[in-house]
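Chemist: My questions concern the predicted model and sequence given below.
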There are 4 protein chains.
Amino acid sequence: SKYEYVKEFETDDRMLRNVYVLVRIDGKGFHKFSQTHDFAKPNDVRGINLMNHAARCVMHELDDILLAFGESDEYSFLFRKSTDLYQRREAKIVSTVVSLFTSAYVYYWNDYFTDLKRPLYPPVFDGRAVLYPSEVEVKDYFAWRQADTHINNLFNTSFWALVEEGGLTPKAAEARLCGTDSKDKNEMLFTEFSTNYSKLPAMYRKGSVLLREQIPKDADKDAIIPTLPETLPGSKSAKVIPAPGLQSGPDPISEPASEAPSGQSTPISLDSPIVVQETVMQENSSNSSSEGKKRSIDANEAEQQDVEEGPAAKKEAPAFKRMKKGVVIDHIDIIGEKFWTGRGAYILAPEKKKKLRS
Amino acid sequence: SKYEYVKEFETDDRMLRNVYVLVRIDGKGFHKFSQTHDFAKPNDVRGINLMNHAARCVMHELDDILLAFGESDEYSFLFRKSTDLYQRREAKIVSTVVSLFTSAYVYYWNDYFTDLKRPLYPPVFDGRAVLYPSEVEVKDYFAWRQADTHINNLFNTSFWALVEEGGLTPKAAEARLCGTDSKDKNEMLFTEFSTNYSKLPAMYRKGSVLLREQIPKDADKDAIIPTLPETLPGSKSAKVIPAPGLQSGPDPISEPASEAPSGQSTPISLDSPIVVQETVMQENSSNSSSEGKKRSIDANEAEQQDVEEGPAAKKEAPAFKRMKKGVVIDHIDIIGEKFWTGRGAYILAPEKKKKLRS
Amino acid sequence: SKYEYVKEFETDDRMLRNVYVLVRIDGKGFHKFSQTHDFAKPNDVRGINLMNHAARCVMHELDDILLAFGESDEYSFLFRKSTDLYQRREAKIVSTVVSLFTSAYVYYWNDYFTDLKRPLYPPVFDGRAVLYPSEVEVKDYFAWRQADTHINNLFNTSFWALVEEGGLTPKAAEARLCGTDSKDKNEMLFTEFSTNYSKLPAMYRKGSVLLREQIPKDADKDAIIPTLPETLPGSKSAKVIPAPGLQSGPDPISEPASEAPSGQSTPISLDSPIVVQETVMQENSSNSSSEGKKRSIDANEAEQQDVEEGPAAKKEAPAFKRMKKGVVIDHIDIIGEKFWTGRGAYILAPEKKKKLRS
Amino acid sequence: SKYEYVKEFETDDRMLRNVYVLVRIDGKGFHKFSQTHDFAKPNDVRGINLMNHAARCVMHELDDILLAFGESDEYSFLFRKSTDLYQRREAKIVSTVVSLFTSAYVYYWNDYFTDLKRPLYPPVFDGRAVLYPSEVEVKDYFAWRQADTHINNLFNTSFWALVEEGGLTPKAAEARLCGTDSKDKNEMLFTEFSTNYSKLPAMYRKGSVLLREQIPKDADKDAIIPTLPETLPGSKSAKVIPAPGLQSGPDPISEPASEAPSGQSTPISLDSPIVVQETVMQENSSNSSSEGKKRSIDANEAEQQDVEEGPAAKKEAPAFKRMKKGVVIDHIDIIGEKFWTGRGAYILAPEKKKKLRS
Ligand SMILES: Nc1nc2c(ncn2[C@H]2C[C@H](O)[C@@H](COP(=O)(O)OP(=O)(O)OP(=O)(O)O)O2)c(=O)[nH]1
Ligand SMILES: Nc1nc2c(ncn2[C@H]2C[C@H](O)[C@@H](COP(=O)(O)OP(=O)(O)OP(=O)(O)O)O2)c(=O)[nH]1
Ligand SMILES: Nc1nc2c(ncn2[C@H]2C[C@H](O)[C@@H](COP(=O)(O)OP(=O)(O)OP(=O)(O)O)O2)c(=O)[nH]1
Ligand SMILES: Nc1nc2c(ncn2[C@H]2C[C@H](O)[C@@H](COP(=O)(O)OP(=O)(O)OP(=O)(O)O)O2)c(=O)[nH]1
Ligand SMILES: O=P(O)(O)OP(=O)(O)OP(=O)(O)O
Ligand SMILES: O=P(O)(O)OP(=O)(O)OP(=O)(O)O
Ligand SMILES: O=P(O)(O)OP(=O)(O)OP(=O)(O)O
Ligand SMILES: O=P(O)(O)OP(=O)(O)OP(=O)(O)O
Ligand SMILES: [Mg+2]
Ligand SMILES: [Mg+2]
Ligand SMILES: [Mg+2]
Ligand SMILES: [Mg+2]
Ligand SMILES: [Mg+2]
Ligand SMILES: [Mg+2]
Ligand SMILES: [Mg+2]
Ligand SMILES: [Mg+2]
Ligand SMILES: [Mg+2]
Ligand SMILES: [Mg+2]
Ligand SMILES: [Mg+2]
Ligand SMILES: [Mg+2]
């Protein structure tokens, strides 16, 4: 029609090629939203699992996302350098990610907040895209977010211990913590509240990492596998899913230089992230839940497979025949080289030439 | 932390000041989504009302939106020139609108699709911002969208008449319509299917217009007032809410030059848009429903008020004391000057100076 | 070739349509450049005239420039809203303007700095584009630049009077002026240095305005007409070119509300800007100089013609037959409505529809 | 002032960090400009040398430029990834480069076109910035430009041979060349015009490469060293400046895989690019010309120094004490790895960490 000329006012917002595209979404006014919905302080397992579930929906939908990291009311999604999703149009990519995440958050709400059909009002997330040209910045980006998780969670844990167990007013608690460093807070928690901070669930301390790894071939690719609350540490189901070999180091900040090498079996501890991970065992395909089936994977095999992913060795193993790429979740250190040369090696590995030259 | 430098890779995406900001959202893959959920063809009242409901949530949340227009799986939101929402940051504005819309769409799904707790999968919308410097382009933008509504709806109505009533295959229907113009289709519908196209619901033919107009003062500003299916033409409730004086002209394309002047009372017809409008009567404040109360407004008063909005006359009327600005919905022509000098006059009216100079 | 894909990394930088495009260029390190070349302080006539000459080259080359304003080492160029120069590509427009200006500055150097074949090193200008959606901002933009001219020139005139005539050190002069306002400086100049600031050349006090107005038809459009130093106030040639009727109001800052109406003849004064203007008389077509001919125009006629430009009256006059649009220069107030409704009326006048809708 | 708000309409155009910034300038309408000034066809030595001179001015001024390449009426400048020039503001960088280039082109015109004081009209260049994230694209960019040089020059050489020596009309020449490939043209030149294309000056066939390499310490950094016409092949001075060891391979297109290793001395040939290179001997500091002194550098030493530049060996040599980084010019292959691992190795070498994290 004669009005169509208005379409030409749209701008071409295709982002620079061959750089990483990072999309971060963040809950709008979640200070109020978490209060309104009585989120547990400082961490609400239902809320976190729902965030993780929504993030997994995004990764299931958008194949070019290599890695995601979530904490608090935010989630970061890393697209591969060569993505041509929507021709790299910025508004398209940002709006689609934010819409999908929001949609899934409301959609699956009742699976986590089982006593409330839907939230008391529709939750909203904002989103943005950031371009990162090199591997260094990508690593530092995720280190930035996980260091933030650590700092905030240590502060919040201390704060709410002082308020809810210590009986301090919020103001007094804030004053008490003012000027303290990580070590001070760790000690305070241990001495005054008998809390070994490093033994708190890794999900709280380290946030959630979504990776593309091998999962059993019979797992439906599109099926969203909820990570139900009962799989958390302390729950019965948690005990039955040992996952030796998954490294979940100490505090990302005070992390020592030398650690057990990636893929090496280590004794299971309460700190183990496995239960929150979409851990699925091949033998264990019998257990199921109504909406959202839970599967298991032998973590050792995942590790082996992980090595296979790397640029190095290629040894055939019959088990792999029954595996395929899927989205798995874990709560591990992504600060430091260990992750990026281990399970995260595939993320920054060079891409096929074909994609580089349109 | 030492990683914080990565934040500086974020770009400053503040949009040019003092121009209209138009955000359009559009359902992703709604061809499939409407099929999967057995949307009525070519128009599903539940789907349209849900879209309208979600759009109203956006307008309730964001005061700087002056006007919205919806059709099919899309909605357009016009922000005032001087909006300083998020300092006009593009990604913030687009992502917030798209997230809020999506959230509300899923949130209120079950209020419209009452037989399904939630959709079969989470729906997704994309979004974009477009800048329009002048009034001409704003008018032409909405004319573009409404002309699109007309063309698509006339085609779809004809197509599905041929297929569902005429027994043609989709292919045959398409062939039959190939090369026909508006007049041909109108005639075909009248002759072969006894359908007077101009008598079909205005909501289908003209889309939905969300305006900021006077509503009863006791209506809760934040309350989302659902437009329930039973209020549609043909339903019992529709009959009890006559709304004389709301103009809903003939076909926007074949619109004649001379028309009844705005605000003049005209006899009610099936074409009347009132029922879908958030029509609220001052006397009628007793009726309510559990979640989402329905209110009424005397359309004549709304019209009078509308005149008050314009840049011209200012006569006091006691009724206004009990009114306040709210979001109302109607299905009227926005192609042509009549709307923009009548009910839409406030939209392009000059703004206060104060806002212009930061 | 197989390397051509690298071209696709270029971005689409077309600027929003239907808004004014303002390009400002500014000399790089002209503090040093003016010192190195012994520019007169605070104003070097040769330097200013060369700037004006270069600016005129830009306007001669780019028809879509409606108005230009120069002061110190900078020049601003206003493009019409509907310009489609290089499809509004920002880098193309900015780089072309800056290159053309620079080229002309070096090219015509020796015509103004006649004792130096070329500058001691190549001068450089930077450039930028700014978008202005409305008339208000365009007026305020030029008011901003001319107010800047006033403030800087009054300060500099006072400063150098104190230093060069008053014998103060630069530091002492600065201290002396610290905290003074316009009135203080005006008084100091009058009392201590017998200088009536308002009688100083308008070119210094008000900068230079380039307009598109009627010039004699036989003037070659492409010919660059240098404004030679000898045409300045005080020079012999200046005296022979009276230009009654050109208004050059008082101080732009202390400007009184009521003024003589535009176009009204006023007695000539030293303040008269005419001589620096590209004043050309129809009768006076005989005088010429080697490279760059000087022509004259009856200013009264120009004024009449100016009125013709406005949206109002249209009276035929035989003289106009011999006139055509050309670039003229003057040193008038552009702060305040008088300019914009008078000689500048054409600048913000509505454009033809044709251009609006591509 | 109250008008200052208009400055806020300026946009933040800082370019993404940590990617290469490439600025390309190109003469506006140089088809006409070269005709107007009787440029020799297809290559005018004066014009090329003037372009090179202007480009060197740019590199002397802007330290962050690592490499430049020129051909025809265009020049490309590569900035290092970490440049913070003008905080990476795009308009500032592009306009400064284009202005400086233009300024120098006009400024030094008469040094090359000695019979004309200045051009017949001011020449203009446009400019643009392009971002390249990785080394591959940077190499491919320069390969793209040099391949373009080859294709155009071979065509133009053939075309003008047919026209000027063969007596064909331009139309007939074009027809004759239509459908021919590189080999056909080479053969035609050899057979019909006794021209061994590969023996034509490298400057014509390969364009001009500006590098940062060691030059004698006593060469004034800011001094622009013109590459005078008499230093071209065939001239007397050319013969006296042998430059063993400078590789200037065969046709960049038909380049064989194996070549003499970089830095290895090879017998001098007519193909040698040395004379056009800013080749300067240390002993030869006596010869000079009026404006623009010619200096010398032992090419072998430059080569050795070049090796020193690489990430590998570091052997001290007394000669280096008298050397410093300067801008040198050559006409060598930049298509293929040889350049990028040899003399160009410094260009893509990793930068200091310090710069990466602001
Ligand atoms: N109690 C509780 N609060 C949480 C949990 N996760 C997030 N929150 C709250 C803590 C913070 O107040 C808020 C996230 O901080 P933000 O900086 O994103 O603030 P907020 O979303 O309120 O504002 P914004 O719209 O993002 O600027 O969400 C949780 O698991 N439990
Ligand atoms: N049956 C039915 N279909 C509808 C209704 N409203 C929208 N749709 C369908 C018709 C179209 O196939 C689709 C909207 O067209 P679009 O051009 O937006 O296509 P779609 O969303 O599939 O693709 P997209 O992701 O936007 O590119 O939604 C409705 O009320 N009833
Ligand atoms: N003596 C003298 N100086 C002038 C004249 N016109 C301009 N200038 C000088 C005064 C200022 O130092 C300088 C213009 O100020 P700017 O703010 O543009 O500074 P400058 O160009 O040095 O730095 P920039 O590269 O623009 O940031 O040029 C003149 O006619 N006479
Ligand atoms: N005879 C001659 N012509 C040259 C020489 N160097 C460049 N030219 C001419 C050949 C081309 O016509 C022109 C460069 O081609 P362009 O594609 O840049 O065209 P032009 O500058 O005319 O248009 P543009 O404003 O860049 O779009 O300059 C030379 O050394 N000798
Ligand atoms: O939202 P904050 O305060 O955590 O920080 P931010 O997201 O960088 O700020 P903004 O949302 O305004 O971009
Ligand atoms: O989605 P379409 O086909 O209606 O048209 P569009 O929205 O302008 O296309 P896109 O979504 O690709 O911008
Ligand atoms: O150059 P200045 O200081 O007059 O002010 P500006 O031009 O706005 O600053 P910049 O050149 O850095 O944009
Ligand atoms: O100028 P051309 O035709 O060589 O090609 P281009 O420079 O890519 O085109 P444009 O100057 O229009 O960007
Ligand atoms: Mg935020
Ligand atoms: Mg938040
Ligand atoms: Mg947050
Ligand atoms: Mg679309
Ligand atoms: Mg759609
Ligand atoms: Mg659609
Ligand atoms: Mg500046
Ligand atoms: Mg300056
Ligand atoms: Mg300046
Ligand atoms: Mg070009
Ligand atoms: Mg060119
Ligand atoms: Mg060219």
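Modeler: Good, I have the coordinates. This is a predicted model, so every value here is computed, not measured. Ligands and ions are numbered 1, 2, ... in the order given.

Chemist: and residue A:13, how many neighbours?
Modeler: 22 (other Cβ atoms under 10 Å in any protein chain shown). (Glycine included, C-beta is placed from N, CA and C.)

Chemist: for residue A:8, that is, sorry about that
Modeler: Count around residue A:8 with other Cβ under 10 Å applied: 12.

Chemist: Kindly provide the distance from the residue nearest to residue A:117 when sequence neighbours are not counted to residue D:342.
Modeler: In space, and not counting its chain neighbours, residue A:117 is closest to residue A:110: 5.7 Å by Cβ to Cβ, 6 or more residues apart in numbering or on different chains. In this view, residue A:110 and residue D:342 are 66 Å apart by Cβ to Cβ, to the nearest Å.

Chemist: I'd guess residue A:24 is in a helix, am I close?
Modeler: No. Counting by DSSP: H, G, I helix; E, B strand; the rest coil, residue A:24 is not part of a helix but strand.

Chemist: need the contact list for it.
Modeler: When contacts are counted by Cβ atoms under 8 Å, 6 or more residues apart in numbering or on different chains, residue A:24 touches A:74-77, A:127-128, A:130.

Chemist: Please apply the same query to residue A:97.
Modeler: Counting by Cβ under 8 Å, 6+ apart, residue A:97 makes contact with A:23, A:25, A:58, A:62, A:77, A:127.

Chemist: next one: residue A:122
Modeler: With Cβ under 8 Å, 6+ apart, residue A:122 has these contacts: A:106, B:57, B:100, B:103-104, B:106-107.

Chemist: sec struct for it, please.
Modeler: Criterion first, three-state DSSP; result for residue A:122: coil.

Chemist: Give the closest residue to it in space, chain neighbours not counted.
Modeler: Closest to residue A:122 by Cβ to Cβ, 6+ apart is residue B:103, at 3.7 Å.

Chemist: Which residues are in contact with the one you found?
Modeler: A:102-103, A:105-106, A:122-124, B:57.

Chemist: any idea how far it lies from residue A:107?
Modeler: 10 Å.

Chemist: can you pull the contacts of the residue nearest to residue A:117?
Modeler: Here residue A:110 is in contact with A:116-118 (criterion: Cβ under 8 Å, 6+ apart).

Chemist: same question, residue A:34
Modeler: With Cβ under 8 Å, 6+ apart, residue A:34 has these contacts: A:44, A:47, A:73.

Chemist: Averaged pLDDT, the strand or helix carrying it. What do you get?
Modeler: Secondary structure from DSSP states H and E places residue A:34 in helix A:30-36. On average, the pLDDT along helix A:30-36 is 98.

Chemist: Paired strands for the helix or strand hosting residue A:210, with orientation please.
Modeler: Under the criterion of DSSP H and E, residue A:210 resides in strand A:208-216. Strand pairing for strand A:208-216, using DSSP bridges, gives strand A:65-71 (antiparallel), strand A:323-330 (antiparallel).

Chemist: next helix or strand past the last one?
Modeler: Tracing the chain past strand A:323-330, the next element assigned as helix or strand by DSSP H and E is helix A:337-341.

Chemist: Against chain D - does that following helix have any residue that ends up touching it?
Modeler: No. Applying Cβ under 8 Å from any Cβ of the partner chain, one finds helix A:337-341 out of contact with chain D, separated by at least 15.4 Å.

Chemist: buried stuff in that helix?
Modeler: Neighbour-count burial for helix A:337-341, with 16 or more other Cβ atoms under 10 Å in any protein chain shown as criterion, is recorded at A:338-340.

Chemist: ditto for stretch A:185-195
Modeler: For stretch A:185-195, burial by neighbour count (16+ other Cβ under 10 Å) applies to A:185-186, A:188-189, A:193, A:195.

Chemist: Mark which of the residues you listed are part of helices, please.
Modeler: Among the buried residues of stretch A:185-195, the ones falling in helices (DSSP state H) are A:185-186, A:188-189, A:193.

Chemist: With distance to residue A:10 added, can I get those in CSV?
Modeler: Shown next, in CSV, are these (distance: Cβ to Cβ, whole Å):
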residue, distance to residue A:10
A:185, 50
A:186, 53
A:188, 55
A:189, 54
A:193, 56
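
Chemist: Of the strands paired with strand A:208-216, which is nearest ligand 11?
Modeler: strand A:65-71 (8.2 Å; Cβ to the ion).

Chemist: Residue A:71: what's it in contact with?
Modeler: A:145-146, A:148-149, A:152, A:207-208.

Chemist: For the residue of the stretch 1-150 of chain A found nearest chain C, which non-adjacent residue is closest in space?
Modeler: In the stretch 1-150 of chain A, the residue that lies nearest chain C is residue A:12 (3.9 Å; Cβ to the nearest Cβ). The shortest distance from residue A:12 to any non-neighbouring residue, by Cβ to Cβ, 6+ apart, is to residue C:12 (3.9 Å).

Chemist: In contact with the one you found, which residues?
Modeler: A:11-12, A:14.

Chemist: Okay, buried residues for the longest helix along chain A please.
Modeler: Ranked by residue count, the top helix of chain A under DSSP H comes out as helix A:135-160. Across helix A:135-160, burial judged by 16+ other Cβ under 10 Å covers A:137-150, A:153-155, A:157-160.

Chemist: contacts with ligand 17 among these, please.
Modeler: Among those, not one lies near ligand 17 by Cβ under 5 Å from the ion.

Chemist: circling back: let me know whether the strand holding residue A:210 sits next to ligand 1.
Modeler: No. Using Cβ under 6 Å from any ligand atom, strand A:208-216 stays clear of ligand 1, with a minimum separation of 11.9 Å.

Chemist: Kindly report the same for stretch A:173-192.
Modeler: No. Using Cβ under 6 Å from any ligand atom, stretch A:173-192 stays clear of ligand 1, with a minimum separation of 14.0 Å.

Chemist: Check whether that stretch comes into contact with chain B.
Modeler: No. Using Cβ under 8 Å from any Cβ, stretch A:173-192 never reaches chain B; the gap is at least 11.9 Å.

Chemist: Just name the closest of the ones in helices among the buried residues of stretch A:185-195 to residue C:217, please.
Modeler: residue A:185 (85.0 Å; Cβ to Cβ).

Chemist: check contacts around the closest one.
Modeler: Residue A:185 neighbours (Cβ under 8 Å, 6+ apart): A:154-155, A:157-158, A:177, A:197.
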